[in-house]
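Chemist: Structure, please.
(2 chains)
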Amino acid sequence: MHIFDSVQKTKRLFTPQVDDKVTLYVCGPTVYDDAHLGHAKSALVFDLLVRVLKANDYSVTYARNITDIDDKIIKKAVEQNKSIKEITEFYTNAFHKEMAQIGVSRPDLEPKATESLDAMYMLIRKLIDSNHAYQTEDGDIYFDTSSDSQYLTLSKRVQNEDEKINRVENSSHKKNSSDFALWKSVKDGTIIFDSPFGAGRPGWHVECSAMIEKHLAFENNKFAVDIHGGGADLLFPHHENEAAQTRCGTNHALANYWMHNGFVNIDGEKMSKSLGNSFFLKDALKVYDGEVLRFYLLSTHYRSNFNFNEDDLTASKKRLDKMYRLKKRFFGLAENRDKTLFQEELLKALSDDLNISNALALIDEMITHANETLDTAGKHKELKAETLSNLAYIEELLGFGAKNPFEYFQSGVDEETRAKIAELILKRDEAKKAKNFATSDKIRDEVLSYGVSIMDTPQGTFWEKV
RNA sequence: GGUGCCAUCGCCAAGUGGUAAGGCCGCAGCCUGCAAAGCUGCUAUCCCCAGUUCAAAUCUGGGUGGCACCUCCA
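Modeler: Predicted structure coming up:
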């Protein structure tokens, strides 16, 4: 398997540190608001990565944190006169529910900041003891970036001298402008945790380093985790700072491979609250099927920026429809799990830094070939077995096609309408049998008025929601 | 201003030295009572200029045009 390492900026052969065991850590959401399409994209990308790693016979331990200590959470709690816990539980539950709707499996570990304070204290202690961190007069603890000769090697950033001077003047107690908070002492009497360093709350960056150390890292490994992932915007400063903390506070580097997913834009615009709420996953799910969203958001390479657009989504849906129509032709038949050449090629494509475009092209070709063979030789036993196996493999590896195909095409249509459509189709079939085509076509128009299309097959007449 | 990324058919999108995958849309045809679905066929030389090479979309230099990060952010 090959992975593009976004720090070394090159595609590297993936080799775990320990045998066939892979540790993966991905920065998860800060639970102060609803998940947007960007959260969905990131979760989907690493969900796919885990599936592909497993298909390559790796044993994967995947951790994605929940940041439930944060200034924005506190702000919201104060605004809504609720407890921190009420806010974080609400959004954590919503996150889980929405991720499930787009087929994202739960990670093996989902550490919360509030449950990892001990690990943070330990790391901060080590950093202070080794002179990589210092406490100011007012109780804040900062990481001393000048103490780390490798600082900024991750994001390959060059510090701006002018800015450096300005910031030091603005922030009275920091030694260097780039120093970042490990611990913020309480100043306004809001939310506090009692730590050995006084009351306050941890900085964002230290949460991840500490959780990785607590849950995934082995003391004497060269790297704390094999792969560290997250959105492209996290490279600096978040990952840079995480890496510095781990490097200076433990005896290993943070990650061997870094993966950063591209951004989701809406109709060419960067997502922002001023654009309204259309970018919330929950709102997208009101309009589009979760699996269609999954397919669409995964349909382009994970490192590219993604432009969310309704026309493209529609085109993408048609591609998924085609797979389900093939599944219809096999519905009810027993699954077969023999490994086929197609499956080997599919895995090979995805093992090349998750090349989804090549994978989807292979799927399209497989579908076309299966349809073609089925059209010309309906009772092709071998083909049936192979196709069933292929569809099951796609479901496992990519999470596409798990639904009942009839349900897939008819989702969102209420019982009453379904009954009415069924009744009309029955009438039409009678008219057709009597070769009364004027009547049957009239009935068809009536069926179509429900926003569905119908298709006559050897197995009978079926309808799909348009 | 600093750093970095990108530019492939009407649209989406692979391909990083060996002669342009796939999907959507469109056109023609097969199938069908007619449709729909399915199938078949057709449609680009890769932003511009210069260079390296037997060979470049792929490498180098220059240009033009987008975008991202540098503050919280997936």
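Chemist: and the gap between residue A:405 and RNA strand B?
Modeler: Using Cβ to the nearest atom of the strand, to the nearest Å, one obtains 11 Å as the distance from residue A:405 to RNA strand B. The C-beta positions use only the backbone N, C-alpha and C, and glycine is treated the same way.
Chemist: any low-confidence regions in the stretch 251-400 of chain A?
Modeler: Scanning the stretch 251-400 of chain A for pLDDT under 70 picks out the ranges A:272-278, A:378.
Chemist: Going by neighbour count, which residues in the one helix or strand residue A:22 maps to are buried?
Modeler: According to DSSP states H and E, residue A:22 maps onto strand A:21-26. Neighbour-count burial for strand A:21-26, counted by 16 or more other Cβ atoms under 10 Å, picks out A:22-26.
Chemist: wait, does the next helix or strand after it contact RNA strand B?
Modeler: Moving toward the C-terminus from strand A:21-26, the next helix or strand (DSSP H and E) is helix A:37-55. Yes: for helix A:37-55 and RNA strand B, the contact criterion (Cβ under 7 Å from any atom of the strand) is met by A:38-39, A:41-42.
Chemist: Relative to RNA strand B, which of the residues you listed is nearest.
Modeler: Nearest to RNA strand B among these, counting by Cβ to the nearest atom of the strand, is residue A:38 at 2.4 Å.
Chemist: For that closest one, grab the count of nearby residues.
Modeler: 24 (other Cβ atoms under 10 Å).
Chemist: was I right about it contacting residue A:271?
Modeler: Yes: counting by Cβ atoms under 8 Å, residue A:38 touches residue A:271, with 6.3 Å between them.
Chemist: Which residues are in contact with each of those two?
Modeler: Applying Cβ atoms under 8 Å, 6 or more residues apart in numbering, one finds that residue A:38 and residue A:271 are jointly contacted by A:264, A:279.
Chemist: tell me which element the nearest residue to residue A:268 once chain neighbours are set aside is part of?
Modeler: Nearest non-adjacent residue to residue A:268, counting by Cβ to Cβ, 6 or more residues apart in numbering: residue A:307, 6.0 Å away. Taking DSSP H and E as the criterion, residue A:307 maps to strand A:306-308.
Chemist: Just name whatever secondary elements that strand is in contact with.
Modeler: Contacts defined by 3 or more Cβ pairs under 8 Å, 6 or more residues apart in numbering; DSSP states H and E place strand A:306-308 against strand A:264-266.
Chemist: Partner strands of the strand it packs on and their direction?
Modeler: strand A:269-270 (antiparallel), strand A:306-308 (parallel) (DSSP bridges).
Chemist: Please compute how far the shortest one lies from its chain's middle.
Modeler: Its chain's average C-alpha position is 19 Å from that of strand A:269-270, according to Cα atoms, centre = their mean, to the nearest Å.
Chemist: Contacts (any at all) between RNA strand B and it?
Modeler: Yes: applying Cβ under 7 Å from any atom of the strand, one finds that strand A:269-270 is in contact with RNA strand B at residue A:270.
Chemist: Quick check: bridge partners of the residue nearest to residue A:268?
Modeler: Applying DSSP bridges, one finds that residue A:307 bridges with residue A:265.
Chemist: Just to check, it is in contact with residue A:267?
Modeler: Yes: here residue A:307 reaches residue A:267: they are 7.3 Å apart, a contact under Cβ under 8 Å.
Chemist: Show me which of those two is the more surrounded one.
Modeler: Counting neighbours by other Cβ under 10 Å for residue A:307 and for residue A:267 shows that residue A:307 has the greater number, 14 against 11.
Chemist: wait, what's in contact with the more buried one?
Modeler: With Cβ under 8 Å, 6+ apart, residue A:307 has these contacts: A:264-268.
Chemist: If we use 10 Å, what do you get?
Modeler: A:263-269, A:300 (Cβ atoms under 10 Å, 6 or more residues apart in numbering).
Chemist: Selecting buried members of those in ChimeraX, what would you type?
Modeler: In ChimeraX, a selection of the buried entries from the contacts of residue A:307 looks like this (16+ other Cβ under 10 Å):
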select /A:263,264,265,266,300
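Chemist: In the contacts of residue A:307, find the pair that's most separated.
Modeler: Taking Cβ to Cβ as the measure, these span a maximum distance of 17.6 Å, between A:269 and A:300.
Chemist: Which one of the strands paired with strand A:264-266 lies nearest to residue A:244?
Modeler: Of all those, strand A:269-270 sits nearest to residue A:244, with 28.2 Å by Cβ to Cβ.
Chemist: Any chance you could list what contacts that closest one?
Modeler: For strand A:269-270, using Cβ under 10 Å, 6+ apart, the contacting residues are A:38, A:263-264, A:275, A:279, A:305, A:307-308.
Chemist: can you give me the helices for the stretch 251-400 of chain A?
Modeler: A:281-287, A:290-298, A:310-329, A:341-350, A:356-376, A:381-398 (DSSP state H, counting those that start in this stretch).
Chemist: neighbouring contacts of the first one?
Modeler: With Cβ under 10 Å, 6+ apart as the contact definition, helix A:281-287 has outside contacts at A:34-41, A:43, A:94-95, A:97-99, A:101-102, A:276-278, A:280, A:290, A:292-293, A:296-297, A:308, A:310, A:313, A:412.
Chemist: residues contacting the residue in the stretch 101-250 of chain A that RNA strand B sits nearest to?
Modeler: Minimum separation of the stretch 101-250 of chain A from RNA strand B (Cβ to the nearest atom of the strand) falls at residue A:231, amounting to 2.1 Å. For residue A:231, the contacting residues are A:26-27, A:38-39, A:41-42, A:45, A:238, A:260-264, by Cβ under 10 Å, 6+ apart.
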